[in-house]
Each structure stands twice: as C-alpha cells, then as structure tokens.
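> below is the structure, and that's it, no one-letter string:
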C-alpha cells in the first residue's frame, strides 16, 4: 500500500488498532509497550511507519481532543461503535484520561 496524506484505512485496520489500544490501556501498559505490541502485530501507524511511543501519545491526545483536532481515528471509532464492532463502554476507554486508569 502506498501511503499519502489522504490514505484511508479499512474498518478492519482501525478495529485491530482500537482493540490493541483498549486492551493495553486497560492493562495499564506504557506507550512504549503499546507501540512495541502494535509493531509486533504488524499494525503500522496511519502514515505507514512503525509505531513509536510519541505516536501513541499523539494519537490518544488527538482522539480525546477531537473538538479542536478532527481526525480519522475518531471517525473510525464512531463508525466501529455504530457498526457494533466496539461496544460504547470499550470506546470510552480511548476517550478517558490515563489518570482515570492509573497509567502514567
């Protein structure tokens, strides 16, 4: 796949990405551990590069602040909930701050 600024990923991609993020946040894993897990499962970042810890922080920050920074991940999460791939309570984990899960 050729990656450009307008690359659109499938719901399968976002479903796998969200599943790893949700499970990792619930397990209180660090950003570095999450990025390593995504890379080991061959889930590249939306830009087509391997994940690094700062990519995780940025993605979660943008997701939580979607009013000021609309992004594809937020749209994908909404669609996954609408399509009942994710349950709303699972998706809310992505929108909550790490402090509510005691992750620093």
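Everything's here; your move. For clarity, every value in this text was computed on a predicted model and none was experimentally measured. Residues are numbered from 1 along each chain as shown.
> kindly tell me how buried residue 14 is, as a neighbour count.
Other residues within reach of residue 14 by the criterion other Cβ atoms under 10 Å amount to 21. C-beta coordinates here come from the backbone N, C-alpha and C atoms, glycine included.
> ok, it touching residue 77?
Yes: with contact defined as Cβ atoms under 8 Å, residue 14 and residue 77 form a contacting pair (7.3 Å).
> the helices in the protein, which residues?
Secondary structure of the chain by DSSP state H: the helices cover 11-26, 31-40, 53-64, 72-82, 88-95.
> just checking, what packs against the fourth one?
Helix 72-82 makes packing contacts with helix 11-26, helix 53-64, helix 88-95 when contacts are defined by 3 or more Cβ pairs under 8 Å, 6 or more residues apart in numbering; DSSP states H and E.
> now it against helix 11-26, angle please.
90 degrees (axes from the mean of the first three to the mean of the last three Cα atoms, to 10 degrees).
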